[in-house]
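Student: Build the 3D model from these lines:
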Amino acid sequence: MTILVTGGAGFIGSNVAQGLLDRGHDVVVLDPFVPYYDLGIKQHNVDLCREMAPERFEYVDGSITEQSTVDDLFAEYEFDYVFHEAAQAGVRTSVEDPLTPHEINTTGFLHVLQAADEYGTERVINASSSSVYGRPDYLPYDEEHPNYPKSPYGVTKLAAEHYGKVWTDVYDLPVVNLRYFTVYGPRMRPNMAISNFVSRCLNGKPPVVYGDGEQTRDFTYVDDIVRANLSLLETDAADGEDVNVGSTDNITINELAEHVIDVTGADVEVLHDDAKEADARHTHSDVSKARELIDYEPTTDIREGVEQFVDWYQANREWYEPLVMDS
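Tutor: Prediction:
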């Protein structure tokens, strides 16, 4: 098959692209290399894919916000599947700038859906987010839980989900919404909690926790996310559905910071700062639906995943290590 991965130079997208290449598919990555974080990391991601299968991999510099770019790409390649990973990520940044995530996450996704419908794509897998839930009426979240997004980012991801359902029901284009719960692992964005904690500890600086640290997160290892995506090459059971993709457990941010200190052997203590606006207090996923529909079973708990990430970080420190704040 010929498959498009939007945002395929990013963290999750490049891992999905590698998984598809490993299965023998032809993969086209569309990514505009916006400097949301160190572009050297994105370049490394593209280089890894190209090295895997230079004859089956193509990188295209462009954005889903440009309808003509998207249309031209679909007309040229006639994609069988689309794995839509492109997004302006970040709950906190969306509070400061709500227009950019709307343009990318909602309008950009509409461009992809229109082109996929026009050019006969068989299926679109949309990367959604646990941010659509916002605040819990109960935990763990199942897919029937009401949606109370607390940030513009969460609103854009929820709107995209609804567009996916409309294209499934009205336009007969099957769309699956995979709701990711805080993804981490090798090549993750350097401004995420785990990568920031590890970077600071390895440089002798304390991890900084915002708020009291008793908020909980369901962290999902990227290999589990990739497996969930690839499973949709083999079944159509999830068409038109929202599906949680989470981990085996959750953890408080205080516990996470202390575990990073233990694993890195840093001689530091956790620092606390003011809580950030729009951050969810708790996330925890019920993956029963994913287990039933796509045979999903998370394999890596957060403590094992942190240990694996620290090992990877140390082996790739020369090109990956982000700048560390002085505080």
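
Student: Now stretch 86-103: buried residues?
Tutor: 86-91, 93-95, 100-102 (16 or more other Cβ atoms under 10 Å). Every C-beta, even on glycine, is put in place using the N, C-alpha and C of the backbone.

Student: How far off centre is that stretch?
Tutor: Here stretch 86-103 is found 14 Å from its chain centre; the criterion is Cα atoms, centre = their mean, to the nearest Å.

Student: now, the most widely separated pair of the buried residues of stretch 86-103?
Tutor: Using Cβ to Cβ, the pair of those lying farthest apart is 86 and 95, separated by 20.7 Å.

Student: what about the strands in the stretch 101-250 of the chain?
Tutor: Taking DSSP state E, counting those that start in this stretch as the criterion, the stretch 101-250 of the chain carries its strands at 123-129, 175-180, 183-184, 208-210, 216-217, 220-221, 242-245.

Student: Could you say which one of the ones you listed comes nearest to residue 283?
Tutor: strand 216-217 (5.5 Å).

Student: coming back round to it: now render the strands of the stretch 101-250 of the chain as CSV, adding mean neighbour count and mean pLDDT.
Tutor: As requested, the strands of the stretch 101-250 of the chain are exported to CSV (neighbours: other Cβ atoms under 10 Å; pLDDT from 0 to 100):
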stretch, mean neighbour count, mean pLDDT
strand 123-129, 25, 98
strand 175-180, 26, 98
strand 183-184, 24, 98
strand 208-210, 18, 95
strand 216-217, 22, 94
strand 220-221, 26, 98
strand 242-245, 24, 98
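
Student: got those strands as CSV, with distance to residue 290 columns?
Tutor: Shown next, in CSV, are these (distance: least, Cβ to Cβ, whole Å):
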stretch, distance to residue 290
strand 123-129, 13
strand 175-180, 8
strand 183-184, 14
strand 208-210, 30
strand 216-217, 18
strand 220-221, 11
strand 242-245, 5
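
Student: contacts for the least confident helix or strand in the chain by mean pLDDT?
Tutor: Across the helices and strands of the chain, mean confidence by mean pLDDT, DSSP states H and E is lowest for helix 91-96: a mean of 91. For helix 91-96, the surrounding residues in contact (Cβ atoms under 8 Å, 6 or more residues apart in numbering) are 88, 100-101, 131, 150-154, 156, 276-280.

Student: Which parts of this protein belong to which domain?
Tutor: Using automatic domain parsing, the domain ranges for the chain come out as 2-184+222-245, 193-216+248-284+300-320.

Student: Just name the most buried of those domains.
Tutor: Among these, ranked by average contacts under mean count of other Cβ atoms under 10 Å, first place goes to domain 2-184+222-245 (a mean of 20).

Student: chain center to it, what's the gap?
Tutor: Averaging C-alpha positions (Cα atoms, centre = their mean) puts domain 2-184+222-245 8 Å from its chain's average.

Student: distance of the residue in the chain sticking out farthest from the centre from residue 170?
Tutor: Here the chain reaches farthest from its C-alpha mean at residue 267, the gap being 31.7 Å by Cα atoms, centre = their mean. Distance of residue 267 to residue 170, given as Cβ to Cβ, to the nearest Å: 59 Å.

Student: which strand residues sit across from the residue nearest to residue 192 when sequence neighbours are not counted in the sheet?
Tutor: Excluding the flanking residues, the one nearest residue 192 by Cβ to Cβ, 6 or more residues apart in numbering is residue 184, at 6.5 Å. Beta-bridge partners of residue 184, counted by DSSP bridges, are residue 221.

Student: Start at 58, not 1
Tutor: In the new numbering, first residue 58, that becomes residue 241.

Student: contacting residues around residue 241?
Tutor: By Cβ under 8 Å, 6+ apart, the contact set of residue 241 is 249, 251-252, 276-279, 362, 366.

Student: Could you tell me which residues make contact with the nearest residue to residue 137 once chain neighbours are set aside?
Tutor: Leaving aside its sequence neighbours, residue 137 sits nearest to residue 58 (Cβ to Cβ, 6+ apart; 4.1 Å). By Cβ under 8 Å, 6+ apart, the residues touching residue 58 are 82-83, 137-138, 290.

Student: now with 7 Å?
Tutor: Neighbour list for residue 58: 82, 137-138 [criterion: Cβ atoms under 7 Å, 6 or more residues apart in numbering].

Student: List the ones among those that fall in strands.
Tutor: Judged by DSSP state E, those include residue 138 as members of strands.

Student: Can you convert the contacts of residue 58 into TSV and add a column each for pLDDT and distance to residue 245?
Tutor: Below are the contacts of residue 58 laid out as TSV (pLDDT from 0 to 100; distance: Cβ to Cβ, whole Å):
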residue	pLDDT	distance to residue 245
82	98	24
137	98	29
138	98	24
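
Student: Pretty sure residue 83 sits against residue 112.
Tutor: No - checked against Cβ atoms under 7 Å, the pair residue 83 and residue 112 is beyond contact range at 8.8 Å.

Student: now the helices for the stretch 108-257 of the chain?
Tutor: Assignment of helices within the stretch 108-257 of the chain using DSSP state H, counting those that start in this stretch yields the ranges 124-134, 148-153, 156-158, 165-175, 209-226, 250-259.
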